[in-house]
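In: Got a sequence here, can you model it:
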Amino acid sequence: MKPILEVVNIEKYYGGKTSVTKALNDISFTVHEGEFIGVMGPSGSGKTTLLNMIATIDEVSAGHIHLDNQDLTEIHPKKMAQFRRENLGFVFQDFNLLDTLTVGENIALALTINQYKDTEIDERVQQMAKRLGISELVDKYPYEISGGQKQRTACARALVTSPKLILADEPTGALDSKSSQILLETLSDLNRQLNATILMVTHDPYAASYCSRILFIKDGKLFTEMIRGEQPRKVFFSRILDTIALLGGEITNVH
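Out: Residues are numbered from 1 along each chain as shown. Predicted structure coming up:
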């Protein structure tokens with residue numbers, strides 16, 4: 001597997017001359033193509049800040065982030081939106097679907113902005129909707145479907161452009177237990193079947209147990225990492241709980 005994401009000694013500071021807060025402190029790691037990575041840590045540990053750095057939503061104070069050998073810290077601000085559309089897929093806790101567009105139009109949005117041909121847009125939307133089990137919903141509006149269906153629509157939108165990296169921010173946070181399980185199994189299937197590379201920030205140890213590797217962040221530093229390997233998910237889940245206890249962090253949504 002080739003490296004797709006390389007985070008090199010990144011740091012993030014907030015504040016001014018009199019008061020400086022270090023949100024991230026010399027964090028380095030590599031994500032290989034086809035990995036399903038989880039990022040965990042207590043509230044305030046820096047995991048969301050880390051996600052925002054990788055998403056190019058926020059700038060690093062020091063260090064470098066390389067996505068497929070391109071240095072994100074050197075991209076011109078005017079080209080940043082295009083870079084995100086062409087290289088990154090996003091799955092958010094609150095779905096971020098547009099209520100004025102149908103499910104199909106929401107999935108197609110990035111393709112439309114990137115000026116794909118209509119025939120290719122239709123083909124890609126149909127293929128992705130079928131893969132995620134929402135083909136019968138493409139003509140409905142977001143307010144007409146369930147939370148789980150909205151999140152699968154968000155996944156379809158994130159994947160339809162075949163991005164190099166999918167960033168998921170607490171994707172199960174607004175879902176009930178059954179919908180969460182369906183979404184996690186869907187992400188896991190997409191990871192295996194499409195070789196999709198996924199980086200997921202989560203508080204939920206159950207969600208994290210679907211990952212192939214977990215990075216634990218504490219006080220802005222990389223505390224440890226855990227590799228699942230061939231372990232059954234239930235065994236991996238227990239190990240995650242033990243590590244969270246060591247971190248002194250909160251545990252939420254335990255199924």
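In: Okay, strands next: where are they in the stretch 151-255 of the chain?
Out: 165-169, 198-201, 213-218, 221-227 (DSSP state E, counting those that start in this stretch).
In: which one of those has the most crowded surroundings?
Out: strand 198-201 (a mean of 25; mean count of other C-beta atoms under 10 Å). Using the backbone N, CA and C atoms, a C-beta is placed for each residue, glycine as well.
In: May I see the buried residues of the single longest helix found in the chain?
Out: When the chain is parsed with DSSP state H, its longest helix is helix 177-193. The neighbour-count check on helix 177-193 (16 or more other C-beta atoms under 10 Å) flags 179-184, 186-188, 190-191 as buried.
In: and of these, the nearest to residue 86?
Out: residue 190 (19.1 Å; C-beta to C-beta).
In: So residue 37 versus residue 104, what's the distance?
Out: To residue 104, residue 37 is 30 Å away according to C-beta to C-beta, to the nearest Å.
In: Run through the chain and note the low-pLDDT ranges.
Out: Scanning the chain for pLDDT under 70 picks out the ranges 249-255.
In: residue ranges for the helices of it, please.
Out: According to DSSP H, the helices that the chain contains are 47-54, 80-87, 103-113, 118-131, 147-159, 177-193, 205-208, 233-247.
In: Contacts made by the longest one with the rest, please.
Out: Judged by C-beta atoms under 8 Å, 6 or more residues apart in numbering, the contacts made with helix 177-193 from elsewhere in the structure are 34, 36, 131-133, 146-148, 151-152, 155, 159, 168, 171-172, 175, 196-198, 200, 204, 206-207, 210, 212, 253, 255.
In: Could you do the fifth one as well?
Out: The contact list for helix 147-159 (C-beta under 8 Å, 6+ apart) reads 89-92, 95-97, 103, 106-107, 109-110, 125, 128-129, 131-134, 137, 142, 145, 166, 171-172, 174-176, 178-179, 182-183, 186-187, 190, 194, 196.
In: again, 7 Å this time
Out: For helix 147-159, contacts defined as C-beta atoms under 7 Å, 6 or more residues apart in numbering pick out 89-92, 95-97, 103, 106-107, 109-110, 128-129, 132-134, 137, 142, 166, 171, 174-175, 179, 182-183, 186-187, 190, 196.
In: Could you identify the buried members of the residues you listed?
Out: The neighbour count (16+ other C-beta under 10 Å) marks 89-92, 95, 97, 103, 106-107, 109-110, 128-129, 132, 134, 137, 142, 166, 171, 174-175, 179, 182-183, 186-187, 190, 196 as buried among these.
In: returning to that earlier point: got a quick PyMOL command for the buried subset of the contacts of helix 177-193?
Out: What follows is the PyMOL syntax selecting those of the contacts of helix 177-193 that are buried according to 16+ other C-beta under 10 Å:
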select buried, resi 34+36+131+132+148+151+152+155+159+168+171+172+175+196+197+198+200+204+206+207+210+212+253
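In: My guess is residue 64 contacts residue 70. True?
Out: No: using C-beta atoms under 7 Å, residue 64 makes no contact with residue 70, being 10.6 Å away.
In: Contacts only, for residue 121.
Out: Contacts for residue 121 (C-beta under 7 Å, 6+ apart) come out as 108, 111-112.
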